[in-house]
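*Asks:* Make a model of this:
(2 chains)
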Amino acid sequence: MIQALRGMKDLLSPSSEKYIYFVENCSKIARNYGFEYIETPILEETALFKRSVGESSDIVGKEMYQFTDKGGNDVCMRPEGTAGVVRAFIQQKYDKAKVQKKFFYYGPMFRYERPQKGRLREFHQFGVESFNQSNIKEDASIILMLKEMLDFFGIGYRLELNSLGCSECMPAYREKLVEFLKGEDGICEDCKRRRDTNPIRVLDCKNQRCQDIYINAPLLIDNLCPTCRGDFAKLKEILDGFEVKYIVNPKLVRGLDYYNKTAFEFVSDDIGAQSAIAGGGRYDKLVEYLDGKPTSGIGFAMGIERLMELIVMPESKRVGYYVGALCDEASEPCFELAIKMRKTQKTALNYDKKSLKAHLKNADKQNVRYCICIGEDELAKDKIWIKDLQDKKERLISRDELLG
RNA sequence: GUGAGUGUAGCUCAGUUGGUUAGAGCAUCGGGUUGUGGUUCCGAGGGUCGUGGGUUCGAUUCCCAUCAUUCACCCCA
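*Replies:* Below you'll find the model as predicted:
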């Protein structure tokens, strides 16, 4: 038997219904905030991700679905959504036009990882990107929008906030941290490796011994330049004004290299170890890295599979019709009737002649509102038997009455 | 990539101290006298006990390998 590849899942009802419910409602909210739908290719040149996500990240280092296509191009299946949107932004020359643009997207992402709870090789994200909005109010409104989405679905979460600094303050801090780490030999092997590749990452190491050591580590939040410090204070002020609860986590780092300044993460305690349900932040240098004109950017992405674990669908009401024949002679009329009804109504049709009991059972199982049956009596009277499964009333009506 | 756990019916699982016809619940289908559902009662179908090898008179059970899957580390949404 051929089965789906490891870490790849088919999406069937009821999960598929939940997926649509999720993206439709998120899309609606995003549109209210002025975002427009964008779709970018799943396959992109490998260089795009190497330069945006960053070669130091594990995503690029070892998790990408990378291969050479038949034309000899080095290509990748996208591991995240931002890079492609930024590429499209530049390709449309919006950077040169200096226009403000807001996009939302959703779709599959690919990372070659070992699957576990909340982590698949093909997974789906819903994300937004906003360009040319350097005002800190945009950071705030994006967080407010994300909060609104999660609140809509009744999802519980914790919001963590940090500032990663900018090109003014970050490099100096990084050196300070590396200096601190040089004197600490008690840290774990992973942290020793990170010390060279991506020192900021040591701060969110899960090893308790490391964390004990890092209590004394310098924190970026204490080393911000005046602009970053001011913006971060302003952001907190706005969020306070809207009564958004958050905690400042000075050890929050984002996994992708392109982030600076505002960084945030929405975390849930109810879905296992992979607890980040949404994450994002500012990336004011990314457009330049990708050969565009200097353009600020900010966005976030949500892990749809992780969110779907937390969403409870509203109870579905009985809707539509079920049509079934009680005798062989009625099967043609039933077929024709159903086809006509389908022009205006959701109509389930059973091709087989069955007992009334069996049809009612089927109709009930399919959660339709009305069960229609045609048998010898109905054919003789040229009427249609219809029962409302909700209020249990039944009657005989004419064809025209039903279709009209 | 590392570690641990699990593979028995469509699903969730029981069971076999190694021995004849491997069980339950749910789901499916049929029926409970002549055409009435979602909560009933009765019945039926459905399993080469993940795959390959080894030990044994005999393996679904013990051993090894392999594959799949789950969880955790790593990483990240």
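
*Asks:* where in chain A is pLDDT low?
*Replies:* By pLDDT under 70, chain A contains no weakly predicted segment.

*Asks:* How is it partitioned into domains?
*Replies:* A:15-169+A:224-308, A:321-403 (automatic domain parsing).

*Asks:* The strand or helix carrying residue A:191: which residues count as buried?
*Replies:* Per DSSP states H and E, residue A:191 falls inside helix A:189-197. Using 16 or more other CB atoms under 10 Å as the burial criterion, the residues of helix A:189-197 that qualify are A:191, A:194-195. The way it works is simple: take the backbone N, C-alpha and C, and place the C-beta from them, glycine included.

*Asks:* so after it, what's the next helix or strand?
*Replies:* Taking DSSP H and E, what comes next after helix A:189-197 is helix A:208-214.

*Asks:* So is that next one next to RNA strand B?
*Replies:* No: using CB under 7 Å from any atom of the strand, helix A:208-214 stays clear of RNA strand B, coming no nearer than 8.9 Å.

*Asks:* Off-centre distance for that helix?
*Replies:* From the chain centre to the centre of helix A:208-214 is a distance of 33 Å (CA atoms, centre = their mean, to the nearest Å).

*Asks:* Burial check on the residue nearest to residue A:7 when sequence neighbours are not counted, number of neighbours?
*Replies:* Once flanking residues are discounted, residue A:7 sits nearest to residue A:121: 3.0 Å by CB to CB, 6 or more residues apart in numbering. Residues near residue A:121, counting by other CB atoms under 10 Å, number 19.

*Asks:* Who are the contact partners of the one residue in the stretch 101-250 of chain A that gets nearest to RNA strand B?
*Replies:* Per CB to the nearest atom of the strand, residue A:117 is where the stretch 101-250 of chain A lies closest to RNA strand B, at 2.9 Å. By CB atoms under 8 Å, 6 or more residues apart in numbering, the contact set of residue A:117 is A:271-274.

*Asks:* same thing with residue A:227?
*Replies:* A:166, A:168.

*Asks:* so can I have TSV of the buried residues of helix A:189-197 showing distance to RNA strand B?
*Replies:* Formatted as TSV, these follow (distance: CB to the nearest atom of the strand, whole Å):
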residue	distance to RNA strand B
A:191	8
A:194	6
A:195	11
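
*Asks:* Among those, which one lies nearest to residue A:208?
*Replies:* residue A:191 (12.3 Å; CB to CB).

*Asks:* okay but the closest one is in contact with residue A:207, surely?
*Replies:* Yes: look at residue A:191 against residue A:207 with CB atoms under 8 Å: they come within range, at 7.3 Å.

*Asks:* What residues does the stretch 301-404 of chain A have near RNA strand B?
*Replies:* A:301-303, A:305-306, A:326, A:354-358, A:360-365, A:373, A:375-378, A:385, A:387, A:389-390, A:392, A:394.

*Asks:* rerun at 6 Å
*Replies:* A:301, A:303, A:305-306, A:326, A:354-358, A:360-361, A:364-365, A:373, A:375-378, A:385, A:387, A:389, A:392, A:394 (CB under 6 Å from any atom of the strand).

*Asks:* what residues are up against the nearest residue to residue A:219 once chain neighbours are set aside?
*Replies:* Leaving aside its sequence neighbours, residue A:219 sits nearest to residue A:250 (CB to CB, 6+ apart; 4.3 Å). With contact set as CB under 8 Å, 6+ apart, residue A:250 has these partners: A:162, A:203, A:219-222.

*Asks:* that's a helix at residue A:234, yeah?
*Replies:* Yes: under DSSP: H, G, I helix; E, B strand; the rest coil, residue A:234 sits within a helix.

*Asks:* list the contacts for it?
*Replies:* With CB under 8 Å, 6+ apart, residue A:234 has these contacts: residue A:136.

*Asks:* ok, it to residue A:136 distance?
*Replies:* 5 Å (CB to CB, to the nearest Å).

*Asks:* Equivalent analysis for residue A:213, please.
*Replies:* 33 Å.

*Asks:* Extract the C-alpha set from stretch A:186-203 and format it as PDB.
*Replies:* Taking C-alpha atoms only, stretch A:186-203 is exported to PDB below (Å, rounded to 0.1, in the frame of the first residue of the first chain):
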ATOM      1  CA  GLY A 186      29.500  24.900  32.300                       C
ATOM      2  CA  ILE A 187      27.100  25.400  29.400                       C
ATOM      3  CA  CYS A 188      25.700  22.500  27.400                       C
ATOM      4  CA  GLU A 189      27.100  21.200  24.100                       C
ATOM      5  CA  ASP A 190      24.300  22.800  22.200                       C
ATOM      6  CA  CYS A 191      25.000  26.200  23.700                       C
ATOM      7  CA  LYS A 192      28.700  25.900  22.900                       C
ATOM      8  CA  ARG A 193      27.800  25.300  19.300                       C
ATOM      9  CA  ARG A 194      25.300  28.200  19.400                       C
ATOM     10  CA  ARG A 195      28.000  30.500  20.900                       C
ATOM     11  CA  ASP A 196      29.700  30.400  17.500                       C
ATOM     12  CA  THR A 197      26.700  30.100  15.100                       C
ATOM     13  CA  ASN A 198      24.000  32.200  16.700                       C
ATOM     14  CA  PRO A 199      24.800  33.400  20.200                       C
ATOM     15  CA  ILE A 200      21.500  35.100  20.900                       C
ATOM     16  CA  ARG A 201      19.900  31.700  20.800                       C
ATOM     17  CA  VAL A 202      21.600  30.400  23.900                       C
ATOM     18  CA  LEU A 203      19.200  32.500  25.900                       C
END
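
*Asks:* Now tell me what touches that stretch from outside.
*Replies:* So stretch A:186-203 is contacted by A:56-57, A:164, A:174, A:177-178, A:181-182, A:205, A:207, A:209-210, A:213-214, A:217, A:220, A:250-251, A:253, A:255, A:257 (CB under 8 Å, 6+ apart).
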